[in-house]
Structures are given as structure tokens and as C-alpha cells.
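Q: only geometry, no sequence info:
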């Protein structure tokens, strides 16, 4: 488009490239006046307070982030909720930099010139809208001179590899939280299984073809993680199986010493020592594995690659809930049977609470993305198989 103002002409040019989500926005200015001309480039992102339409329900208190993010001089990635900017508007300057509106699978971002010192701000307007914006340094033109000023605008999916190429730190909008150092290699493996491409930082290895099914890739990744923790899990299950074998003796002690808690505790510890059982042996290996499973959870929650990705049969979108609730019900059943392999807690109240856990988890998982439920189901089935074998061996032992 062209506009003439006070003898100066402006051409606003948008450049699109096939298959790209980046738009180049450029102003070509010719100063036809007899006076110096100057102006800064200004861009903004505006959003109301409606919830993220792509976010899963906040079961277990886990919801993908929605808000603004930017790269500051001190932090490679800093995010702000809409409540944050309402409490305290943000202002900052940075060489290059960017400002983005982050939702579940997508971002919109302004990326001004990497060579310029740009200013960034975020605020809430009186009308209740959330605004993030940037201003570039001024373009100054002498009479008769021609110049240009521009920025890039990205509106598209959180494709880590592409975002990394567009601007430093923009790939961090795929936010794995403090467990990113475990989550990144897990995502690289998941991506490799599905596509045949292994991406580490700016380096890429392409073997030509992957499985092509993200559901199968999730199963393979779960198998790999389970294999890595095979011996650690075995230690835990052996400890649980020994505890289960001791259950009749434990109940006998409870009946014998009843209300004398001190004596019961002492006799119980003596029994553990005699039978060479570590009561914490079942918990510690599981606790060590938790960060990895939480990381994998975040990888599956944040991966736009799973959006509209079919698995098999009726599961045609791994990022959406199972429409017939089959996977969540199978997951709940697997939890129930896995629980049967564990020694019941000696306290009757605790035992009751544990009985309800599979039901509670099933309700939570009913509306979770199918990809996440698939991961939990496969993990439970593998754990159950390993635990069943170990429990049977120990119970048969003299």
C-alpha cells in the first residue's frame, strides 16, 4: 500500500513465504519534503482475558501457560501472566529481542531488528485488554532521502527448531519449566522416533524416515524410559514384594501389641532387620524416577506436533481427549491391578484412601489429551508386568 503525506511517500510491504509463519513487515519511506523526517516503528499484540481455547482442563492444577514473554538483557526468557502486568506494567530495552503472546500450542510474536536497541513494554488498558508492544529507534531521513524500517511478525505453532532460527530464546516459549534439561532430550527422542530427524540445538541428523505415528513414538519413548530405569524399578518392586510377604507377620504384631505404639514400632523395626527389608526401599527408586516422568508429561503437554496427530482406530487427535473414554478407563484399571500387587498399608484409613486413588485418577484423566493418557497407560502396564514377575519370584522363594 502507498500513502503520501506532506510530500513524503510510504510503501508498506508484507512479504510472505510459502510454508512459513513469519511475515516480513517493511516500510519504504521517501522524504520528498524540504525538512528532515523521522519516525519510529511501533508494533503491538493485544489480547482480552478469555481463557486459552486450546488448553486442556486444569486437572491436577497443571495448565499450559498463557500470557506474554520476552527476552530481557538479564534473562534469556521471562514470562508475564496478565495478572502480573496488571499489578506492575513492564518496560525494558534490549538489543534485538522480541515480545510474544504465548498460548498452549501457538505464539504470536514481534521480532524487531536484531541490530537495533529496541524498547519493549506490557500493560493492561483501562478497557481491560492486555497489550505487549515494541518501539524501534527512529529512522531519520534528510530531505530527498529514501530509507526503510521493518520487523518480523510470527503467528504460528511452537515449532522449537524454527523458532530457534528466527530469534535467540524464542524457542523457550515451548516451556518445560525447571525440568527443561531432562525434557529437551526426551522431546528430541520423541521427535526422532516419529520423523526420523534428530535435532540437538542447531544440529540436525536426518535418517530419511521415521515411524510417522506419534502414538507409536510415545509408546517407544515410554519403553525406552522404562528400560533405562529397569534395574532401579526392580529394586523397588523387590522391596515391595518382600514387604507383601511380611504382611501376615506385620498383622500378627499389630494384634499382639495393639495400642502400645512404641513397642509395636520397635518390634516392626526388629522384624525388618531380621528379614533384611528396607521399608523405604520401595519409595526411593520411584522418587528418583519422578522428575523424568514429570518431564515426559510436560513434553507431551507442550508438543504442538501431537495436535491433530492420529494414533489408531478412534483416536484421531492425540492432543484431544479420548471421545469414548476408553484410554482413561484402561489407565484406571491398570492402576487398580497394579495396586493389588503392592502390600496394603497397615493403617485401615490409609488403605481406604489408596482404594479410591484409581477412581480419582481416572476422573482426572477423562479429559486429558489422549497422548498423555496413552503414556500413563503404557507406563502402568510395563510397571505391572515387571512387578508381577518379581513378586511371583519372591513369593515362590523359600
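A: Cool, got the structure. In this text the structure is predicted, and so the values were computed from the model without any measurement.
Q: so for residue 280, what's the pLDDT?
A: On the pLDDT scale, residue 280 is placed at 60.
Q: now residue 361
A: 84.
Q: can you list the helices and strands that the strand or helix carrying it packs against?
A: Assigned by DSSP states H and E, residue 361 belongs to helix 348-365. Here helix 348-365 touches helix 326-341, helix 370-396, going by 3 or more Cβ pairs under 8 Å, 6 or more residues apart in numbering; DSSP states H and E. C-beta coordinates here come from the backbone N, C-alpha and C atoms, glycine included.
Q: and residue 225, which of those is closest to it?
A: For residue 225, the closest of these is helix 370-396, at 7.9 Å, according to Cβ to Cβ.
Q: by contact count, what packs against the closest one?
A: If you count contacts as 3+ Cβ pairs under 8 Å, 6+ apart, helix 370-396 packs onto helix 214-228, helix 230-245, helix 284-302, helix 326-341, helix 348-365.
Q: what comes up buried for that helix?
A: Neighbour-count burial for helix 370-396 flags 370-384, 386-388, 390-391, 394 (criterion: 16 or more other Cβ atoms under 10 Å).
Q: all strands for the stretch 1-150 of the chain, in order.
A: 2-5, 8-15, 22-30, 37-39, 42-47, 67-70, 78-80, 90-95, 99-102, 106-112, 117-124, 130-135, 139-141, 146-157 (DSSP state E, counting those that start in this stretch).
Q: those strands: lowest mean pLDDT?
A: Among the strands of the stretch 1-150 of the chain, strand 2-5 scores lowest, at a mean of 48.
Q: contacts for stretch 41-57 next, please.
A: 25, 27, 63-64, 66, 68, 82, 99-101, 103-106, 108-110, 112, 128-136, 139, 149-151, 153, 301, 307, 321, 367-369 (Cβ atoms under 8 Å, 6 or more residues apart in numbering).
Q: residues of that stretch that come out buried?
A: Buried residues in stretch 41-57, counted by 16+ other Cβ under 10 Å: 41, 43, 45, 47, 52, 56.
Q: need phi/psi at residue 205.
A: Main-chain dihedrals, residue 205, degrees, to the nearest 10: phi -120, psi 130.
Q: just the pLDDT for it.
A: Residue 205 is assigned 88 on the pLDDT scale.
Q: number of residues surrounding it?
A: Look at residue 205: counted by other Cβ atoms under 10 Å, it has 10 neighbours.
Q: which SS state does the nearest residue to it once chain neighbours are set aside fall under?
A: In space, and not counting its chain neighbours, residue 205 is closest to residue 198: 4.4 Å by Cβ to Cβ, 6 or more residues apart in numbering. Per DSSP: H, G, I helix; E, B strand; the rest coil, the local secondary structure of residue 198 is strand.
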